[in-house]
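[1] mind looking at a prediction? Sequence and model below.
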There are 4 protein chains.
Amino acid sequence: MIARAAARGPSKRRAIATVVQDKDLVAQRHDEIFRAASRVFISRGYHAATVRAIAREAHLSLGGLYAYIRTKEDILYLVFDRLTTTLRDAMRRAIEGIDDPAERIRAAIHADLKTTEAYQDEILLMYQETKSLDRASRRAVLSREADYVGFFEEILRDGYARGVFKGDPRLAADAIAYLCSIIALRRWSLKSRLSPDEVREGLVAFILRGLGVPVEDDR
Amino acid sequence: MIARAAARGPSKRRAIATVVQDKDLVAQRHDEIFRAASRVFISRGYHAATVRAIAREAHLSLGGLYAYIRTKEDILYLVFDRLTTTLRDAMRRAIEGIDDPAERIRAAIHADLKTTEAYQDEILLMYQETKSLDRASRRAVLSREADYVGFFEEILRDGYARGVFKGDPRLAADAIAYLCSIIALRRWSLKSRLSPDEVREGLVAFILRGLGVPVEDDR
Amino acid sequence: MIARAAARGPSKRRAIATVVQDKDLVAQRHDEIFRAASRVFISRGYHAATVRAIAREAHLSLGGLYAYIRTKEDILYLVFDRLTTTLRDAMRRAIEGIDDPAERIRAAIHADLKTTEAYQDEILLMYQETKSLDRASRRAVLSREADYVGFFEEILRDGYARGVFKGDPRLAADAIAYLCSIIALRRWSLKSRLSPDEVREGLVAFILRGLGVPVEDDR
Amino acid sequence: MIARAAARGPSKRRAIATVVQDKDLVAQRHDEIFRAASRVFISRGYHAATVRAIAREAHLSLGGLYAYIRTKEDILYLVFDRLTTTLRDAMRRAIEGIDDPAERIRAAIHADLKTTEAYQDEILLMYQETKSLDRASRRAVLSREADYVGFFEEILRDGYARGVFKGDPRLAADAIAYLCSIIALRRWSLKSRLSPDEVREGLVAFILRGLGVPVEDDR
DNA sequence: AATGAATGAGAGTTCATTCAT
DNA sequence: AATGAATGAACTCTCATTCAT
């Protein structure tokens, strides 16, 4: 059931209407726009960012940019769409081929923390600006997010069935996915005292204990 | 040391410049502005909210409002300042007089989850819009937040010294405070499946286990 | 019944939303905007006219102008609203106190031709740009126009009952009102050969004959 | 003199510059563009219509369309040029071979009303948007229109010489041609109460009476 | 002869902030 | 201390037209 949800994936993808018809060109430009817009949104925030600045950063004229999107909000959606796809794919690869639930969840958490570290700016942006999307886009992004949490839930449900984990799998999945985002949302708090490695190890241990899995190096 | 941090409290408060002199009047109007602005910011978001709408909601004229603040951003700061004060006070009262570390942390978590539930809109707003504050205001708000985490850290450090908890107190404090905010930031995900009580109990159990405290009702 | 329609008058007036509240000031500024916009619309046409140019002509800043209207289309409606009111009032005054149907219709036609001559630019604009109004505004303007035609219809119906006129009163009213607008819509054609007086007299005679009223000076 | 005017005809036609040389191809494409543009202009209005939409409707690429016209305004001129030609030809055929002035003018009016009914959208467009043409195009279109009025004038002048009509032939010609367009310009007013046949018969009677021709069925 | 991606000037509109009263 | 009219910079978005291919 969750596997289905995760597999469903692109079904919820919202199409971005373009006046340019060449599919390959659109794909290529969307990629450039994604990169340019990420930079601009991250440095200035969605509202303060101007479409002009994004066009400039993407080496496109203003009209040129608008041939590949319809509204400023489309650009934000484009960014989030690419980001959630990247995150999901990274997670898929990370847990592939691991069968033991405890190992699998450990790998998932580790991967999540690593990618969150790598995309901390983008993830922070997503938490802050998903609200700026319209209904349809927001739905699409949240559905991707749900798929992502689904990976955790699937593992937990399996481990729960085998008696490895404690607590409600759905809630735990949500809690774990959320807790991993702490790296992006509270980095100003964490970075001042602990190294990224210490943070990561500490969080893995905390979560595993929270799931009822004994952690070796507890003093 | 942490006690100090928590006690330090108002020291970081940023003053809001007003053209009106009468201190009592300013305090009263600031209170009205806080309430009006909270409503407007929550329903429309910070950027979409107009100063006009806030003035109207606060039963002030546009010029009148500007006698008590200097910029729109001042209003946002005012909202966050009041909110963090409220949150801190609630936390203080919740753990007052409890000595046992496990009981104390349980009470703190419970209180946090309860107030997060009560102020979910405001807290979501704070997570999304702290970035819209200027440096000085942001610093002040984050320092308040740090004080809040300090409550958890203080308890954990004490329990750690007494051998009750596992893991790094600083990281755990951050993790716990952050995890509690899940109620505000991911309510669309949680509410669809679990009751508020189930969420709260599940999170308390997860956190306590994460701290290495045995939880009774684990199957 | 027609008297009612004509009397109904302002009932269909569409309100123009303003952010400025002072009613007198709004009335005064609307008057200035009406005059300025008429000039600009007439010289450049509705679409080519910029709101900036209208603001300049009205000695208002751009934002200032927008405090008295909501959209560019509001300005067009404002112009048409004033114009149709002026036209209607002029017609009312012209036929007041005349009882004989033939004299009354002659006076009405004469008045219409005179005001059409006086407001030819504005009337041409109205014929060309009523389509640029949105549904509600267009309805309001057309309802005014209908009232205007109603004056003719009322007279014709009365004369028809007394056996003075021939043909369908409704159609004749429409035809007469329309024919009078020829002065505004085809002045490039008329002016080249005949004086305004000749045009007016010729049209009055044509119409009266069309209604079946014997015309004296027919050779 | 008028015969000359009517015969002069195409002399005033403004040429549309094309990059394509092949005359037959240009003629064929211009015909397709005329039909496509008429539809688009009528449904959206000249200003709201985009050149893109016209190209699409004409099954041409954007660049392709521009090989047959130079500006958007060229397209509007093209439409009006074809339309006025069509109207003129219809009128010519309608009065051909009729000698009696009264019969001839009756036929002309009837034909005008019929074609106005058939091309009401196009004629309305012409009245509203001739102003959007540049000087040269406008001149060309108005000259065609003058030719059209010339048909009426010719008949009237002849009848006047024979003592059949009253009033100034030139003014009457203008008045008649204009009055016929009422069907296109005020159809919202007419259609609600009378059938097309009633309108047509009523107008013919009104005009004939206006010319001093006795009308049989007057009660 | 045909294509369609690219350009960029310019439009309408909003709103934080000021200041004369 | 209070009012609210006025300002104008800055924003998003459109579309006629060009030109490399």
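    Cool, got the structure.
[2] need the longest helix for chain A.
    Counting by DSSP state H, the longest helix found in chain A is helix A:135-161.
[3] so where do the helices sit in chain A?
    Using DSSP H, helices in chain A cover A:2-8, A:23-44, A:51-57, A:62-66, A:72-95, A:101-118, A:120-129, A:135-161, A:169-180, A:182-185, A:187-190, A:196-210.
[4] closest to chain D out of those?
    helix A:62-66 (13.1 Å; C-beta to the nearest C-beta). From N, CA and C alone the C-beta is placed, and that goes for glycine too.
[5] now that closest one: mean pLDDT?
    Averaging pLDDT along helix A:62-66 yields 98.
[6] so which elements touch that helix?
    helix A:51-57 (3 or more C-beta pairs under 8 Å, 6 or more residues apart in numbering or on different chains; DSSP states H and E).
[7] list the buried residues in the helix it packs on.
    If you call a residue buried by 16 or more other C-beta atoms under 10 Å in any protein chain shown, then helix A:51-57 has these buried ones: A:Val51, A:Ala53, A:Ile54, A:Ala55, A:Glu57.
[8] hmm, back to that, the longest helix of chain A close to DNA strand F?
    No. Using C-beta under 7 Å from any atom of the strand, helix A:135-161 stays clear of DNA strand F, with a minimum separation of 12.8 Å.
[9] any idea how far A:Ala146 is from the residue in chain A positioned nearest to DNA strand E?
    In chain A, the residue found nearest to DNA strand E is A:Gly63; the distance is 1.5 Å by C-beta to the nearest atom of the strand. In this view, A:Gly63 and A:Ala146 are 37 Å apart by C-beta to C-beta, to the nearest Å.
[10] so for these two, which sits in the more crowded spot?
    The neighbour count for A:Gly63 versus A:Ala146, taken as other C-beta atoms under 10 Å in any protein chain shown, is higher for A:Ala146 (20 against 9).
[11] need the contact list for the residue of chain A closest to DNA strand E.
    For A:Gly63, the contact set (C-beta atoms under 8 Å, 6 or more residues apart in numbering or on different chains) is empty.
[12] for chain D, what is the nearest residue in chain A?
    Proximity of chain A to chain D (C-beta to the nearest C-beta) peaks at A:Val19, 8.3 Å away.
[13] show me where chain A dips below the pLDDT cut-off.
    For chain A, applying pLDDT under 70 flags the ranges A:1-11, A:217-219.
[14] how about the residues of it near chain C?
    By the rule C-beta under 8 Å from any C-beta of the partner chain, no part of chain A lies against chain C.
[15] the closest residue to A:Tyr127 other than its chain neighbours: neighbour count?
    Leaving aside its chain neighbours, A:Tyr127 sits nearest to A:Leu185 (6.1 Å; criterion: C-beta to C-beta, 6 or more residues apart in numbering or on different chains). By the criterion of other C-beta under 10 Å, A:Leu185 has 20 neighbours.
[16] tell me how many other residues crowd the residue nearest to A:Pro196 when sequence neighbours are not counted.
    Spatial nearest neighbour of A:Pro196, chain neighbours left out: A:Glu117 (6.2 Å); criterion: C-beta to C-beta, 6+ apart. By the criterion of other C-beta under 10 Å, A:Glu117 has 16 neighbours.
[17] for B:Leu171, see how far away whatever residue of chain A ends up closest to chain B is.
    Closest residue of chain A to chain B, C-beta to the nearest C-beta: A:Gly210 (3.6 Å). Distance, A:Gly210 to B:Leu171, by C-beta to C-beta: 13 Å.
[18] the more surrounded of those two?
    A:Gly210 (27 against 23).
[19] list the contacts for the more buried one?
    Applying C-beta under 8 Å, 6+ apart, the residues contacting A:Gly210 are A:Gly167, A:Ala172, A:Ala175, B:Phe206, B:Ile207, B:Arg209, B:Gly210.
[20] can you check A:Ala94 too?
    A:Ala107, A:Ala108, A:His110, A:Ala111.
[21] number of residues surrounding the nearest residue to A:Leu171 once chain neighbours are set aside?
    Among residues not flanking A:Leu171 along the chain, B:Gly202 sits closest, at 4.4 Å (C-beta to C-beta, 6+ apart). If you count neighbours by other C-beta under 10 Å, B:Gly202 ends up with 19.
[22] please apply the same query to A:Phe165.
    23.
[23] which non-adjacent residue is nearest A:Arg138?
    Of all residues not flanking A:Arg138 in the chain, A:Thr130 sits nearest, at 6.1 Å (C-beta to C-beta, 6+ apart).
[24] now do the one you found against D:Leu208, distance only.
    Distance from A:Thr130 to D:Leu208, by C-beta to C-beta: 73 Å.
[25] which of the two has more neighbours?
    Neighbours per residue, other C-beta under 10 Å: of A:Thr130 and D:Leu208, the larger number sits with D:Leu208, 22 against 17.
[26] show me what from chain A comes close to DNA strand F.
    Taking C-beta under 7 Å from any atom of the strand as the contact definition, chain A meets DNA strand F at A:Ala49, A:Thr50, A:Val51, A:Arg52, A:Leu62, A:Gly63, A:Tyr66, A:Arg70, A:Thr71, A:Lys72, A:Glu73.
[27] surely A:Tyr127 meets B:Ile182?
    No. Using C-beta atoms under 8 Å as the test, A:Tyr127 is too far from B:Ile182 to be in contact (11.8 Å).
[28] which of those two has more neighbours?
    B:Ile182 (22 against 16).
[29] identify the residue nearest the more buried one in space, chain neighbours excluded?
    A:Tyr178 (4.7 Å).
[30] the one you found and C:Val26, how far apart?
    53 Å.
[31] A:Asp99 now?
    Taking C-beta to C-beta, one finds A:Asp99 at 76 Å from C:Val26.
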